[in-house]
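**Student:** Provide a 3D model corresponding to the input given below.
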Amino acid sequence: MSHVVVDASVALAWAFPDESSDYAEKVLLALDGQTILVPALWPIEITNALLVAERRKRIRPPEIRRFAGLLADLTVVMDSQSVTDAVANILPLAREYSLSAYDATYLDAAIRHGAALATLDVTLQRAARKAGIEILTGA
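**Tutor:** You can find the predicted model right below:
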């Protein structure tokens, strides 16, 4: 496997000690040498979560810098598509699997690229399994 789609729930677990999980840590270890494939909304989703957490005093700038450094050490490739393609691909998945458009974006990327998916979201895991997508189990 050369690509893994990593959703924001997993990446953010690396940033927040109170959201840390064995699964997220195992995924991080399993990503060594792998290419992380993320939809174009991923950096915005990550940034917004950091901003909200900073405003709520859950995270401080030094911790944000540490997390940004961790992300910089990973091979992250952005998957983008035209608006027309996004609507044509994501909307049917969101409808079929009762997902938000945001979550369906991760499923869409995994389907189109034949990649495994790493997520802490149980609903997204269930949808991915139904769609025939492997859930990365970690090391």
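**Student:** what about the helices in this structure?
**Tutor:** Using DSSP state H, the helices of the chain run over 8-15, 22-30, 42-55, 61-72, 83-97, 101-113, 122-130.
**Student:** Can I get those in a markdown table including mean pLDDT, mean neighbour count and distance to Leu136?
**Tutor:** Every residue, glycine included, has its C-beta placed from N, CA and C. Listed next are the helices of the chain as a markdown table, based on pLDDT from 0 to 100; neighbours: other CB atoms under 10 Å; distance: least, CB to CB, whole Å:
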| stretch | mean pLDDT | mean neighbour count | distance to Leu136 |
| --- | --- | --- | --- |
| helix 8-15 | 96 | 22 | 9 |
| helix 22-30 | 92 | 17 | 6 |
| helix 42-55 | 97 | 15 | 16 |
| helix 61-72 | 96 | 12 | 17 |
| helix 83-97 | 97 | 14 | 18 |
| helix 101-113 | 97 | 23 | 10 |
| helix 122-130 | 97 | 16 | 10 |
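**Student:** export these to TSV and tack on distance to Thr137?
**Tutor:** Listed next are those as TSV, based on distance: least, CB to CB, whole Å:
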stretch	distance to Thr137
helix 8-15	12
helix 22-30	7
helix 42-55	21
helix 61-72	21
helix 83-97	21
helix 101-113	15
helix 122-130	11
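**Student:** farthest residue from the center of the chain?
**Tutor:** Most distant residue from the mean C-alpha position of the chain: Lys57, 23.6 Å away (CA atoms, centre = their mean).
**Student:** Dead centre of this structure: give me the residue that sits there.
**Tutor:** Mean-position check on the chain, CA atoms, centre = their mean. Result Asp7 at 1.0 Å.
**Student:** Ignoring the adjacent residues along the chain, who's closest to Leu50?
**Tutor:** Ile64 (5.5 Å; CB to CB, 6 or more residues apart in numbering).
**Student:** dump the residue contacts of the one you found.
**Tutor:** 15, 50, 54 (CB atoms under 8 Å, 6 or more residues apart in numbering).
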